[in-house]
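what would the 3D arrangement of this be:
(chains A and B, ligands or ions: 2)
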There are 2 protein chains.
Amino acid sequence: LEENEALANIDTVLSGWNESTARTKIMQFIDAVTDPNDPNYVKPADRIAVFDNDGTLWSEHPFYFQGYFALDRIKSLAPQNPNWQNEQPFKGILTGDMAAVQAAGEKGIVEVMMASHAGMTTDQFEQIVTQWIDTAKHPTKQVPYTQLTFKPMKELVKYLQQHQFKCYIVSGGGIDFMRPWTYKTYGIPKSNVVGSSLKLVFEMRNDTPVLIRQAAVDFIDDGPGKPVGIAKFIGKKPIAAFGNSDGDLQMLQYTTVGEPGLRLGVIIHHTDAEREWAYDRNTAVGKLDKALDEAPKRGWVVVDMKNDWKTIY
Amino acid sequence: LEENEALANIDTVLSGWNESTARTKIMQFIDAVTDPNDPNYVKPADRIAVFDNDGTLWSEHPFYFQGYFALDRIKSLAPQNPNWQNEQPFKGILTGDMAAVQAAGEKGIVEVMMASHAGMTTDQFEQIVTQWIDTAKHPTKQVPYTQLTFKPMKELVKYLQQHQFKCYIVSGGGIDFMRPWTYKTYGIPKSNVVGSSLKLVFEMRNDTPVLIRQAAVDFIDDGPGKPVGIAKFIGKKPIAAFGNSDGDLQMLQYTTVGEPGLRLGVIIHHTDAEREWAYDRNTAVGKLDKALDEAPKRGWVVVDMKNDWKTIY
Ligand SMILES: [Ca+2]
Ligand SMILES: [Ca+2]
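Ligands and ions are numbered 1, 2, ... in the order given. Below is the predicted model:
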């Protein structure tokens, strides 16, 4: 692993964590699987850890950050699409009438996602995302989105990598929305990002090869799709999984249930209304209900953000 | 990279190669991109090399080896499927009447592929493939299929890895057919294998998580699908691509055309009827026609197996 200068300030003594039960359980797991004399020792090639992104590595309220990217993108494309002034859900986005946007339902969301995410080459989309992540600000926190990444989790990723774990993101978010910035932000390289995707089509345009992003879903990496994404992209079962919502239930089950060796399942519980947001069973964004009920039965570690984290960001 | 004991006998002085123009061009490329003082220097994180499998890393005649796996699998499943005795193309496979199998056309091929590749869990399929690759023999060469892998190419993969390249397989073959044996055979780990796939579905069976292989194509990693597979799985453009047929044309274009830095495209040309097989424009298996025409224009290196390789296997 090459030295990632962008994360030079992230320590690996986990100073963002209080000396809590959750921290102790996580460290005991890492100690065991990396100790050649421990019966639960795992050789480096099999040390795979998977992390959900939204709500696990960065915040996700009041709405998934990729949603704000889509809204910002619609606004910047509006001059080229005059018809949007009269068509929902675009009109609602442009006039700030979010009730009208919501009224457009799932069909409306798909239209917005496709209009903002499809139709360009993969290189163009990477540039668009890079520019947005470098300049856009969160609507209520008023800071760049990458400043809303969780310092304790970045410490943990770096600590695991130092202990020869391969850390992967396995997110319901767009694979091509995440890849431009995950290395700089989390130290996780592009090839270790698994996510939802649109179909791509290869073309030679003026004797130059390009991949065009189609307005058609290729893969949804959420819920039961997460184990599928892991099998496809990684090809091996992880030994540790970190999530925060019911979208991670199957990934946590796939990683931890029915395995002979030691396994680690972790749920990040959003309990800190002051420093971040507090929510679990009653939210449309990052709902944590079934997985929270299953945690004690499965031995999953539940991290209480308010009490277990010294620092959030 | 961990030491791969299975490849201890593979040297990295490329002793399987004659001192040919092709070898020189390949070595000049590697020298340039790994020399910090060279204007074409590429940092380790971006040293990505992609290899086709059938015909590039192992033989593919008289038919793709995965095809023989499918035939062997149909034979071993026949007792549980008595109706196959009267149904084509299964009857043809069981009685050795390959003309009848061919007469069933593409629909017949799909039926055979699904009957042999779908319906089981991913773990079960891995066991089936592992047992087959450990025991099955090539119909004419009468040796295990992994003995029909090209020694000069294994040397090159190892040499590139020693020079901090990440080597990936990008094959039209099945991703789950290759992954069980690529590390032991080529030193290429599971996560670095890109291939065609069937759809997978997650299920909890008796409180145990499994992924069931569906009788439905998920992705065809061939021709224009190869750049798509690279973008999806690797997320970065390679700087070197190795192929042997028109199924690699777009991968070679995607890797080498329109890039500012130095790029390497290599075509393995099957010219040795004595030690292996000789074929290019007039074969149904591994047809090399358009890519051979395009090679001089694009500056791709064409490896003449008969003259450039001291050893084939
Ligand atoms: Ca989440
Ligand atoms: Ca081939």
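
wait, what's in contact with the residue of the stretch 51-200 of chain A found nearest ligand 1?
Nearest residue of the stretch 51-200 of chain A to ligand 1, counting by C-beta to the ion: residue A:55, 3.7 Å away. Heads up, the C-betas are built off the backbone N, CA and C, glycines and all. If you count contacts by C-beta atoms under 8 Å, 6 or more residues apart in numbering or on different chains, residue A:55 has them with A:244-245, A:268, A:270, A:286.

can you tell me the centre-most residue of chain A?
Most central in chain A under C-alpha atoms, centre = their mean is residue A:53, positioned 1.6 Å from the mean C-alpha point.

doesn't residue A:171 make contact with that one?
Yes - applying C-beta atoms under 8 Å as the test, residue A:53 and residue A:171 come out as touching, 3.8 Å apart.

what sits in contact with each of the two?
Common neighbours of residue A:53 and residue A:171 (C-beta under 8 Å, 6+ apart) are A:178, A:195.

lowest-pLDDT helix or strand in chain A?
None of the helices or strands of chain A scores lower by mean pLDDT, DSSP states H and E than helix A:98-103, at a mean of 91.

and the helix or strand just after that one, how far from the chain's centre?
Downstream of helix A:98-103, the first helix or strand assigned by DSSP states H and E is helix A:105-117. With C-alpha atoms, centre = their mean, to the nearest Å as the basis, helix A:105-117 stands 20 Å off its chain's centre.

got it, and stretch A:285-299?
Chain-centre distance of stretch A:285-299: 18 Å, with C-alpha atoms, centre = their mean.

now swap in stretch A:260-267 and tell me
The chain centroid and the centroid of stretch A:260-267 are separated by 20 Å under C-alpha atoms, centre = their mean.

show me what contacts the closest residue to ligand 2 within chain A?
With C-beta to the ion, the shortest gap between chain A and ligand 2 falls at residue A:202, namely 17.3 Å. Contact analysis of residue A:202 by C-beta under 8 Å, 6+ apart lists A:209-211, B:224-225, B:227-228, B:250, B:254.

pick out the most distant pair among those.
A:210 and B:225 (15.0 Å; C-beta to C-beta).

so for these two, which residue has more residues nearby?
Taking other C-beta atoms under 10 Å in any protein chain shown, residue A:210 and residue B:225 do not tie; residue B:225 has more neighbours (22 against 19).

might one say that the more buried one is in contact with residue B:231?
No - using C-beta under 8 Å, residue B:225 is not in contact with residue B:231, being 10.6 Å away.

which bits of chain A sit near ligand 1?
Within chain A, the positions adjacent to ligand 1 are A:52, A:54-55, A:244-245 by C-beta under 5 Å from the ion.

could you redo the last one with a cut-off of 6 Å?
Taking C-beta under 6 Å from the ion, the part of chain A that reaches ligand 1 is made up of A:52, A:54-56, A:244-245, A:247, A:286.

save those residues as JSON lines, and put in pLDDT too.
Below are these laid out as JSON lines (pLDDT from 0 to 100):
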{"residue": "A:52", "pLDDT": "98"}
{"residue": "A:54", "pLDDT": "98"}
{"residue": "A:55", "pLDDT": "98"}
{"residue": "A:56", "pLDDT": "98"}
{"residue": "A:244", "pLDDT": "98"}
{"residue": "A:245", "pLDDT": "98"}
{"residue": "A:247", "pLDDT": "98"}
{"residue": "A:286", "pLDDT": "97"}
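
which one of those residues sits closest to residue A:149?
Nearest member of those to residue A:149, counting by C-beta to C-beta, is residue A:56, at 10.3 Å.

that closest one is in what secondary structure piece?
With DSSP H and E as the criterion, residue A:56 is inside neither a helix nor a strand.

ok, the residue nearest to it when sequence neighbours are not counted - contacts?
Closest residue to residue A:56 apart from its sequence neighbours, by C-beta to C-beta, 6 or more residues apart in numbering or on different chains: residue A:244 at 4.6 Å. Residues in contact with residue A:244 (C-beta under 8 Å, 6+ apart) are A:52, A:54-56, A:267-270, A:286, A:288.

got it, and residue A:99?
residue A:92.

next, count neighbours for residue A:184.
Around residue A:184 there are 15 residues (other C-beta under 10 Å).

pretty sure it sits against residue A:130.
No - using C-beta under 8 Å, residue A:184 is not in contact with residue A:130; the gap is 9.8 Å.

please enumerate the shared neighbours of the two.
Joint contacts of residue A:184 and residue A:130 (C-beta under 8 Å, 6+ apart) do not exist.

still on that earlier bit, buried subset of the contacts of residue A:202?
Among the contacts of residue A:202, those buried by neighbour count (16 or more other C-beta atoms under 10 Å in any protein chain shown) are A:209-211, B:224-225, B:227-228, B:250, B:254.

and the helices in the stretch 51-200 of chain A?
A:65-77, A:90-95, A:98-103, A:105-117, A:122-135, A:151-162, A:175-178, A:182-186 (DSSP state H, counting those that start in this stretch).

okay, the ones you listed, which one's buried deepest?
helix A:175-178 (a mean of 25; mean count of other C-beta atoms under 10 Å in any protein chain shown).

now for that helix, which elements pack on it?
helix A:122-135, strand A:193-205 (3 or more C-beta pairs under 8 Å, 6 or more residues apart in numbering or on different chains; DSSP states H and E).

6 Å instead?
In terms of contacts (3 or more C-beta pairs under 6 Å, 6 or more residues apart in numbering or on different chains; DSSP states H and E), helix A:175-178 is packed against strand A:193-205.

which parts of the strand it packs on are buried?
Under the neighbour-count criterion of 16+ other C-beta under 10 Å, strand A:193-205 has A:193-198, A:200, A:202 buried.

now swap in stretch A:46-54 and tell me
Under the neighbour-count rule (16+ other C-beta under 10 Å), stretch A:46-54 has A:47-54 buried.

okay, the residues you listed in CSV with distance to residue A:217 next?
Formatted as CSV, these follow (distance: C-beta to C-beta, whole Å):
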residue, distance to residue A:217
A:47, 32
A:48, 26
A:49, 27
A:50, 22
A:51, 23
A:52, 19
A:53, 18
A:54, 18
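
contacts with ligand 2 among those residues, please.
Answer for those near ligand 2: none qualify (C-beta under 6 Å from the ion).

intersect those with the contacts of chain B.
Applying C-beta under 6 Å from any C-beta of the partner chain to the buried residues of stretch A:46-54, one finds that nothing falls near chain B.

where does pLDDT dip in chain A?
Low-confidence segments of chain A (pLDDT under 70): A:1-2.

give me the domain ranges for it.
If you go by automatic domain parsing, the domain ranges for chain A are A:5-62+A:142-308, A:65-135.

any chance of CSV for those, columns distance to residue B:145?
Formatted as CSV, these follow (distance: least, C-beta to C-beta, whole Å):
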stretch, distance to residue B:145
domain A:5-62+A:142-308, 20
domain A:65-135, 35
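
among those domains, which is nearest residue B:68?
That would be, of the domains of chain A and by C-beta to C-beta, domain A:5-62+A:142-308, which comes in at 22.9 Å.

pull up the distance across that closest one, start to finish.
27 Å (C-alpha to C-alpha, to the nearest Å).
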